[in-house]
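K.L.:
what's the 3D shape of this:
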Amino acid sequence: MRKYNLFLMLAATFILYSCGPVYHTNYIYTPPKSKSGIDCITDCNKTRTYCEERQLDDLDRCKDRADRDYENCEYHRKEVQNSCLKRHKYSSKEYRDCLRDMDVSSSCYKANCEMNLKVCEAPFNNCYRICGGIVTEEKVCVSGCEELNRQ
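P.N.:
Residues are numbered from 1 along each chain as shown. As a prediction, this is how the structure comes out:
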């Protein structure tokens, strides 16, 4: 069942990304002219750095949890398999069934952990504007751009 769900998620992701162009937003920063505005932006940078460090900490915790969960799953899977094999060591059919069932139904997966720095962008951009700077957004096509040229 897990392999089927994984396949569905991958298929859905492929379909969503193949439906059209994918854009990335670049930001162009024009600093304020005043010294107080520049000092203000220094504080914005400190806040963004702190946000990014928190995201990195979250990523590390996620990876640690994923490793631990995977190891626990593997340990449990092997314990169940060994128990089944011991119970049926004198019956070759049940013994083979234990091996087959464990291969098919008890796969362990490691969670996918990603760092999301986008959560730090909007607060930084707002702070930058409040300080008197100008933030210009530039959308750039990074994937599926051929679709745009055909239209």
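K.L.:
Thr136 contacts Tyr27, correct?
P.N.:
Yes. At 7.1 Å, Thr136 counts as touching Tyr27 under the criterion of C-beta atoms under 8 Å. To be clear about C-beta, it is placed using only N, CA and C from the backbone, and glycine gets the same treatment.
K.L.:
higher neighbour count, the two?
P.N.:
Tyr27 (12 against 9; other C-beta atoms under 10 Å).
K.L.:
ok but the more buried one is inside a strand, no?
P.N.:
Yes. Counting by DSSP: H, G, I helix; E, B strand; the rest coil, Tyr27 is located in a strand.
K.L.:
List the beta-bridge partners for it.
P.N.:
Legend: beta-bridge partners of Tyr27 under DSSP bridges are Glu137.
K.L.:
Contacts only, for it.
P.N.:
Tyr27 sits next to Glu121, Asn125, Val135, Thr136, Glu137, Glu138 when contact means C-beta atoms under 8 Å, 6 or more residues apart in numbering.
K.L.:
JSON lines for those residues, including pLDDT and distance to Ala66?
P.N.:
Converted to JSON lines, those look like this (pLDDT from 0 to 100; distance: C-beta to C-beta, whole Å):
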{"residue": "Glu121", "pLDDT": "95", "distance to Ala66": "25"}
{"residue": "Asn125", "pLDDT": "97", "distance to Ala66": "31"}
{"residue": "Val135", "pLDDT": "97", "distance to Ala66": "35"}
{"residue": "Thr136", "pLDDT": "96", "distance to Ala66": "38"}
{"residue": "Glu137", "pLDDT": "94", "distance to Ala66": "34"}
{"residue": "Glu138", "pLDDT": "94", "distance to Ala66": "35"}
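K.L.:
Including distance to Arg77, could those residues go into CSV?
P.N.:
CSV is the format used below for those (distance: C-beta to C-beta, whole Å):
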residue, distance to Arg77
Glu121, 41
Asn125, 47
Val135, 50
Thr136, 53
Glu137, 48
Glu138, 49
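K.L.:
So among these, which ones count as buried?
P.N.:
Neighbour counting with 16 or more other C-beta atoms under 10 Å marks Asn125 as buried within the contacts of Tyr27.
K.L.:
which secondary structure element contains Cys51?
P.N.:
Take DSSP states H and E as the rule and Cys51 turns out to sit in helix 35-87.
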